[in-house]
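A.B. asks: From the sequence below, what's the structure:
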Amino acid sequence: MNLNVFHYGVNAVCLIKNGKKYGMICSWAAQADYDKVLLVLGAQSVTGKNICKGDIIGVSALNEDQRDVVDALGYSHSDAADKLADIKYTIVQDSAILIDDASVNMVVRVLDVLHLEGCEDDNVVYGLIESVTTNDRRMLSLSQCDL
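C.D. replies: Numbers count the residues shown, from 1 in each chain. As a prediction, this is how the structure comes out:
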């Protein structure tokens, strides 16, 4: 990415749907209101293609010591392998997967999946934060990773 005008964190977006685990790394994420988030999930993402309105997903802002999670989730597709096999996580509400020890863990209800002009193929997830837990671990920055 050539333009770098915001501080991009490294977030795991994970869920279970139809008995299959999905997980990916999303750096284009933002808080849109006190209880709302926006996530831009690229057109190539198998996880993004499987997220629909009404789904309950986990969004975990990873801490600086979780580069192994980035390696597991950021370089392949969920339909090719069990990307979560070696990661410690917790399942909430039968579908949201939260990464253990992440700086922030959110259970998010998907309110809509948008396809905006100029990036119609990408999935812009608009979600309601149903719960959030935090700890004092420093968040991992995109600049600290090789993505």
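
A.B. asks: Tell me where this structure is predicted with low confidence.
C.D. replies: The chain contains residues with pLDDT under 70 at 1-5, 147.

A.B. asks: let's see 80
C.D. replies: Residue ranges of the chain with pLDDT under 80: 1-8, 143, 145-147.

A.B. asks: to the chain's geometric centre, what's the distance from the longest helix along it?
C.D. replies: Longest helix in the chain, counting residues (DSSP state H): helix 67-73. With C-alpha atoms, centre = their mean, to the nearest Å as the basis, helix 67-73 stands 12 Å off its chain's centre.

A.B. asks: Buried residues, that helix. List them.
C.D. replies: Residues 67, 69-73 are the ones in helix 67-73 that count as buried (16 or more other C-beta atoms under 10 Å). Heads up, the C-betas are built off the backbone N, CA and C, glycines and all.

A.B. asks: where along this structure do the strands fall?
C.D. replies: Per DSSP state E, the chain carries strands over the ranges 11-17, 20-26, 29-33, 36-41, 56-61, 89-92, 96-99, 104-114, 123-134.

A.B. asks: Could you check how far the residue positioned nearest the centre of the chain is from Gly58?
C.D. replies: Central residue of the chain (C-alpha atoms, centre = their mean): Val13, 2.0 Å from the mean position. Distance from Val13 to Gly58, counting by C-beta to C-beta, to the nearest Å: 7 Å.

A.B. asks: Mind listing the shared neighbours of these two?
C.D. replies: Counting by C-beta atoms under 8 Å, 6 or more residues apart in numbering, no residue touches both Val13 and Gly58.

A.B. asks: Which residues are in contact with the nearest residue to Ile16 once chain neighbours are set aside?
C.D. replies: Leaving aside its sequence neighbours, Ile16 sits nearest to Ser95 (C-beta to C-beta, 6 or more residues apart in numbering; 5.0 Å). Contact analysis of Ser95 by C-beta under 8 Å, 6+ apart lists 15-17, 55-57.

A.B. asks: Swap in 6 Å and give it another go.
C.D. replies: Taking C-beta atoms under 6 Å, 6 or more residues apart in numbering, we find Ser95 in contact with 15-16, 56.

A.B. asks: quick one on the thing from earlier: any chance of the strands of the chain in a markdown table with distance to Ser141 as columns?
C.D. replies: Below are these laid out as a markdown table (distance: least, C-beta to C-beta, whole Å):
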| stretch | distance to Ser141 |
| --- | --- |
| strand 11-17 | 11 |
| strand 20-26 | 13 |
| strand 29-33 | 13 |
| strand 36-41 | 17 |
| strand 56-61 | 11 |
| strand 89-92 | 22 |
| strand 96-99 | 16 |
| strand 104-114 | 14 |
| strand 123-134 | 17 |
